[in-house]
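Trainee: how would this look folded up:
(chains A, B, C, D and E)
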Amino acid sequence: MAVKIVETAEFDLKKPTLIEGLPGLGLVGMIAATYLVDKLKMEQVGYIVSDKFPPIAAIHDNIPLHPARIYKSKKYNVVVLLSEFIIPLNVVYPLSSAILDWAISKKVGRIISLGGIVIHGEQDEVYGIASTPELVKELNGHGIKTIKEGATTGVNGVLLADCASRDFPAISLLAEAKENYMDPKGAALVIEALKRIMKLDIDTTDLVKESAVLEKRMTDVMDKAKAASKHYKAAEETNPMYG
Amino acid sequence: MAVKIVETAEFDLKKPTLIEGLPGLGLVGMIAATYLVDKLKMEQVGYIVSDKFPPIAAIHDNIPLHPARIYKSKKYNVVVLLSEFIIPLNVVYPLSSAILDWAISKKVGRIISLGGIVIHGEQDEVYGIASTPELVKELNGHGIKTIKEGATTGVNGVLLADCASRDFPAISLLAEAKENYMDPKGAALVIEALKRIMKLDIDTTDLVKESAVLEKRMTDVMDKAKAASKHYKAAEETNPMYG
Amino acid sequence: MAVKIVETAEFDLKKPTLIEGLPGLGLVGMIAATYLVDKLKMEQVGYIVSDKFPPIAAIHDNIPLHPARIYKSKKYNVVVLLSEFIIPLNVVYPLSSAILDWAISKKVGRIISLGGIVIHGEQDEVYGIASTPELVKELNGHGIKTIKEGATTGVNGVLLADCASRDFPAISLLAEAKENYMDPKGAALVIEALKRIMKLDIDTTDLVKESAVLEKRMTDVMDKAKAASKHYKAAEETNPMYG
Amino acid sequence: MAVKIVETAEFDLKKPTLIEGLPGLGLVGMIAATYLVDKLKMEQVGYIVSDKFPPIAAIHDNIPLHPARIYKSKKYNVVVLLSEFIIPLNVVYPLSSAILDWAISKKVGRIISLGGIVIHGEQDEVYGIASTPELVKELNGHGIKTIKEGATTGVNGVLLADCASRDFPAISLLAEAKENYMDPKGAALVIEALKRIMKLDIDTTDLVKESAVLEKRMTDVMDKAKAASKHYKAAEETNPMYG
Amino acid sequence: MAVKIVETAEFDLKKPTLIEGLPGLGLVGMIAATYLVDKLKMEQVGYIVSDKFPPIAAIHDNIPLHPARIYKSKKYNVVVLLSEFIIPLNVVYPLSSAILDWAISKKVGRIISLGGIVIHGEQDEVYGIASTPELVKELNGHGIKTIKEGATTGVNGVLLADCASRDFPAISLLAEAKENYMDPKGAALVIEALKRIMKLDIDTTDLVKESAVLEKRMTDVMDKAKAASKHYKAAEETNPMYG
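Mentor: Model (predicted):
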């Protein structure tokens, strides 16, 4: 089992938009996706497992959850795929394939990935990349600058190249973000860009206001995970059974 | 063979509770499970093997035993799964799956994992996590605080997330425990919490009283294992055949 | 999936020449192949994927692309296979086999690999290696010195030995080039040598003139890739989920 | 091929005892097994191969031999399995399974493993472990102390636990021995203990007397192996083909 | 594909002798085998590939060649198998099996491996090992001392043990040789010993006379391979695509 997508509820959407929010620069994708799930009151429809993922369960609202999950909103015809841990390098290819295959099997209309990009000057810009010339025009029409020359890495990058090769409509939105820590402003920027492309009844002023609460909750999860993980390793080293 | 559960005796229980005690913080789970097996005079019904496990046989009462074993008590309608070594990281996923698949095939009623958690203030609390909202209420009803936000790792964590996804009733009881050595007080705490949830005729005052004997026996096993393991490695290095 | 060649457009050529330009000394092969694709206005017909390749998408002219791609020119009856990243050592054998198998299945007439070789004296020479004695004569007839004794490594080397064993016509052209950075002069030299062997309407004076632009564009891609890659690794290390 | 047992002669014994002598503490098992093979004039009936074994051939009496071999004595209804190199850790599980499966398929009556254990006080004791309570009694009846609590590692340990689980009669005899070098006295002790359990016409006073010759012969093999192995590694590092 | 022997010409020999010359101490086997191929004007009939081999093509007489090759001489009814690189440790077992299986399928009469051994006193001796007592006598009859007790490693060693187990006639000839560099005198010694065993019209005085030329040619190959390999690794490290 490299990567397996497990569905736990009925998938009754027609050509929905699949929004993908994986942690990356400033954890922008993950924060934005989590915020969408909360504010749009989305319902979990599945999760993703892999023996290459860290062996963690997140606990939210008293319930243990797989840290990579899929949610739906029938009202907005939207699916959100998020992960609470950084995708290990050796899972990037199988996960990208698994996501695209699943999206095609579910007749997803388009994929929009959310992420961060290094800041140039002020932190006020969101850049786009698209898998087809039509989508590039669409992005430009919404006032979103597209990246003409460059490179993009990770699940987003490989997925975009796959989509471009298969003529599958896919967009990547990258907000300028601060490295190495949680950047709710980047997440707000990327959601605002998303709202130019599709209808979503969501207020990002909350995101920045609530960022202290959000950060506490996320840091809480991460710290517990870190401590547990640390203990795990220490125990492996000191337990005499391991000699 | 990643992980294989081998049955060595008839499994004639109906919807039993499966108690899982793997070593973790303070070795709480392992100590508590071993104590249950002894005091409830349970009978071995199987063992678990994996080529990723350390190549050790424990010797108890003159008999060599696989260090990961399964016991039953018909009287209490209980099954105990324990391991005398820390589960290596690369076995966490396959072992979690193997345990849940086996539990379902055996029509286990619920799974209760025992473990340790870092102490906050006094060492007097046992925290719970549960796979369904009903079980959260049940735990709270027994006066056991549940973890609302956080994360949990290892076999317990992955197993809990799997159970939550499949709506399988599972509970994790985590006693405050001291890191890096054997903590019989944590084991006593977790058994007391277990007794609030299910009927078990067992006195934990023995556990703390007998802790010197217990520690000697366990240390004895662990020291021999450590020495043998050390010798094994030294021999590999000094034996000229290995050049 | 070690290596997979995916075709995305019709392959309607008869016994075309397959030109292979992978990065090596001075990045000569990659620069020369890219220049050919641009100046001969070639059309993409496929790409190569492997889970051993770095997880990157190149972005050229607004479109995300797999970094190892195949192009055709019906006018010149030529196919170009290029990669924008160095082939990892553990993909050399499977990639070489995949290229030759694919070339044979597509009834390719001959394979010509472009690359660099360490400079002896002035940077003015292109050396050839060929898979058959007839091709050695042909190269010598065009005034191209062939390597009589020595060794050659990487995809080019393994592919040449495979072709020699199967009597498949293959040539390697190696321009003297500077190590460790982009050498457009080497790329110009190797294209000039190529023009002695086959008809190509292409002016390499452009290559050296445009080298500043070319370098900027390529450096741009590489720098972005490098930064992203760096961030990726840093995130893996600092993200608390990784403990 | 993890582990393969290859038979090279007819196996015409009925319920024989299988004696296993692998090198361990003091190389006791290997020395004792070699001595048995010599003195009882046993005949080779097979050998064991694995791509995880060191690539060595032993040369004895002018004949190259696989370093893990199986011998039989029809007269004593005994089979001896020995190895002249320490079993690598990652072969312990597959080798243990292979030995037990083969023993069962050959209708072996019981398995007796010979090995060493750290000295307590004088070097005069042999300890036993057995897979069934009846065998424990038998050992005690012969005046051999059994280990009541502890642990045992390696092929012997895993094999014993497997035998105990399957109710297959198996005994481990562990002589007090000196670490880190050849201990013929330990080997003599373990053979004397073996003679209490089964009839064997063998004099161990020879073993200690001949220990100088034995040591020379064994050291000779090991030194040559070590030198060759060293050269092998040095050549890998200095040979320019490896760059 | 661990190891594959590919035939490229008809194999029309009856019970030929297979001479194996792999690099080892003093590169004796490789030098001797190369000298035989040249002087006996042998014809290539195949090559050996493995994804564990270094990705190199040797270039001899303008032709790129796989570095592990097989040659035949109909006149002398002889097959030579040689490699221009040291066999990596993890290919020793599969290569030994592949050679013996191939030899049996081709109805090879006997296998003679050529190699080097550490010098004792003067460099004037060639030692033999044989797979059967008859061959030991034959060697002794030719005045070649056989190794009575010891060990031998690598492809030669494993192959000899396999041959002894299967009663396949095999000989190993080991000339005293200097470590860590090319030793043509050792190669001459081993060919002289070979000539005592089988009829070969070959003068080894040439070998020592031509040793300067030979060394230049071989060093040339090796240096180019080394430089290319070095560049390969440096490029991997400095190429920004690798970040």
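
Trainee: Verify the assumption that residue A:72 is located in a helix.
Mentor: No: applying DSSP: H, G, I helix; E, B strand; the rest coil, one finds residue A:72 to be strand, outside a helix.

Trainee: can you pull the contacts of it?
Mentor: By C-beta atoms under 8 Å, 6 or more residues apart in numbering or on different chains, the residues touching residue A:72 are A:9, A:11, A:13, A:16, A:42, A:43, A:45, A:78, A:79, A:80. Just so you know, the C-beta spots here come from the backbone N, C-alpha and C atoms, and that holds for glycine as well.

Trainee: State the distance from the fourth one to residue C:209.
Mentor: As judged by C-beta to C-beta, to the nearest Å, residue A:16 and residue C:209 stand 51 Å apart.

Trainee: Any residue of stretch A:119-137 touching chain C?
Mentor: Yes: applying C-beta under 8 Å from any C-beta of the partner chain, one finds stretch A:119-137 touching chain C at A:129, A:130, A:131, A:132, A:133, A:136.

Trainee: Return the members of the residues you listed classed as buried.
Mentor: A:129, A:130, A:131, A:132, A:136 (16 or more other C-beta atoms under 10 Å in any protein chain shown).

Trainee: helix/strand/coil for the first one?
Mentor: Going back to what we said before, that points to residue A:129. Here residue A:129 is strand, with the state taken from three-state DSSP.

Trainee: residues contacting it?
Mentor: Residue A:129 is in contact with A:146, A:147, A:152, A:160, A:171, A:172, A:174, C:59, C:62, C:64, counting by C-beta under 8 Å, 6+ apart.

Trainee: Quick check: nearest residue in space to it, chain neighbours excluded?
Mentor: Nearest residue to residue A:129 in three dimensions, chain neighbours excluded: residue A:172, at 4.4 Å (C-beta to C-beta, 6 or more residues apart in numbering or on different chains).

Trainee: Assess the claim that the one you found and residue A:160 are in contact.
Mentor: Yes: counting by C-beta atoms under 8 Å, residue A:160 is a contact partner of residue A:172 at 5.7 Å.

Trainee: joint contacts of these two?
Mentor: Common contact partners of residue A:172 and residue A:160 (C-beta under 8 Å, 6+ apart): A:113, A:129, A:152.

Trainee: Kindly reformat the residues you listed as JSON lines and extend each row with pLDDT.
Mentor: Converted to JSON lines, these look like this (pLDDT from 0 to 100):
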{"residue": "A:113", "pLDDT": "98"}
{"residue": "A:129", "pLDDT": "97"}
{"residue": "A:152", "pLDDT": "88"}
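
Trainee: And these, which is closest to residue A:183?
Mentor: Using C-beta to C-beta, residue A:113 comes nearest to residue A:183 of the shared contacts of residue A:172 and residue A:160, at 16.7 Å.

Trainee: in what helix or strand does the closest one lie?
Mentor: strand A:110-118 (DSSP states H and E).

Trainee: go on, residue A:196?
Mentor: helix A:184-197.

Trainee: quick check: angle from that helix to strand A:110-118?
Mentor: Using axes from the mean of the first three to the mean of the last three C-alpha atoms, to 10 degrees, one finds that helix A:184-197 and strand A:110-118 are set 150 degrees apart in direction.

Trainee: from the chain's centre, how far out does helix A:184-197 sit?
Mentor: 13 Å (C-alpha atoms, centre = their mean, to the nearest Å).

Trainee: how much space between residue A:45 and residue A:30?
Mentor: Residue A:45 is 18 Å from residue A:30, by C-beta to C-beta.

Trainee: Kindly report the same for residue A:210.
Mentor: Using C-beta to C-beta, one obtains 15 Å as the distance from residue A:210 to residue A:30.

Trainee: Which residue of those two possesses the greater neighbour count?
Mentor: Neighbour count, other C-beta atoms under 10 Å in any protein chain shown: between residue A:210 and residue A:30, residue A:30 has more, with 24 against 16.

Trainee: Give me the nearest residue to that one, chain neighbours excluded.
Mentor: Spatial nearest neighbour of residue A:30, excluding adjacent residues (C-beta to C-beta, 6+ apart): residue A:23 at 4.1 Å.

Trainee: Could you check how far the one you found is from residue A:176?
Mentor: Distance, residue A:23 to residue A:176, by C-beta to C-beta: 17 Å.

Trainee: Give me the below-cutoff pLDDT ranges for chain A.
Mentor: A:1, A:180, A:217, A:219-243 (pLDDT under 70).

Trainee: That one: helices as residue ranges?
Mentor: Listed in chain order, the helices of chain A (DSSP state H) span A:28-39, A:92-105, A:133-141, A:154-166, A:184-197, A:205-209, A:211-238.

Trainee: what angle sits between the fifth one and helix A:133-141?
Mentor: Computed with the same axes, to 10 degrees, the direction of helix A:184-197 lies at 110 degrees from that of helix A:133-141.

Trainee: tell me the contacts of residue A:215?
Mentor: Contacts here follow C-beta under 8 Å, 6+ apart; on that basis residue A:215 touches A:182, A:184.

Trainee: err, residue A:42, not the other one
Mentor: Per C-beta under 8 Å, 6+ apart, neighbours of residue A:42: A:36, A:71, A:72, A:73, A:78, A:80.

Trainee: for residue A:171, same thing?
Mentor: A:110, A:111, A:112, A:113, A:128, A:129, A:130, A:131, A:135, A:139, A:197.

Trainee: The residue nearest to residue A:30 contacts residue A:67, correct?
Mentor: No: the criterion here is C-beta under 8 Å, and residue A:23 misses it with residue A:67 at 10.2 Å.

Trainee: one step back: and the buried ones among the residues of stretch A:119-137 next to chain C, which two are furthest apart?
Mentor: Spatial extent of these (C-beta to C-beta) is set by the pair A:129 and A:132 at 11.0 Å.

Trainee: Run the chain-centre distance for stretch A:137-146.
Mentor: Distance, stretch centre to chain centre, for stretch A:137-146: 21 Å (C-alpha atoms, centre = their mean).

Trainee: Pull up the distance across stretch A:125-135, start to finish.
Mentor: End-to-end distance of stretch A:125-135 (C-alpha to C-alpha, to the nearest Å): 19 Å.

Trainee: now it, how far from the chain's geometric center?
Mentor: For stretch A:125-135 - counting by C-alpha atoms, centre = their mean - the centre lies 17 Å from the chain centre.

Trainee: likewise stretch A:96-115?
Mentor: Centre to centre, stretch against its chain (C-alpha atoms, centre = their mean), the figure for stretch A:96-115 is 12 Å.

Trainee: mind listing what's buried in it?
Mentor: Result for stretch A:96-115 [16+ other C-beta under 10 Å]: buried residues A:96-100, A:102-103, A:106, A:108-115.

Trainee: Can you report how many residues neighbour residue A:38?
Mentor: 16.

Trainee: What separation is there between it and chain B?
Mentor: Going from residue A:38 to chain B by C-beta to the nearest C-beta, to the nearest Å gives 13 Å.

Trainee: Over to residue A:16?
Mentor: Using C-beta to the nearest C-beta, residue A:16 is found at 21 Å from chain B.

Trainee: Can you list phi and psi of that residue for me?
Mentor: Main-chain dihedrals, residue A:16, degrees, to the nearest 10: phi -70, psi 160.

Trainee: which ones are touching residue A:186?
Mentor: Contact analysis of residue A:186 by C-beta under 8 Å, 6+ apart lists A:25, A:26, A:28, A:31, A:116, A:123, A:175, A:176, A:177, A:178.

Trainee: Mind doing that once more with 7 Å?
Mentor: By C-beta atoms under 7 Å, 6 or more residues apart in numbering or on different chains, the contact list for residue A:186 reads A:26, A:28, A:116, A:175, A:176, A:177.

Trainee: and which of these is nearest residue D:55?
Mentor: When these are compared against residue D:55 (criterion: C-beta to C-beta), the nearest one is residue A:116, at 51.3 Å.
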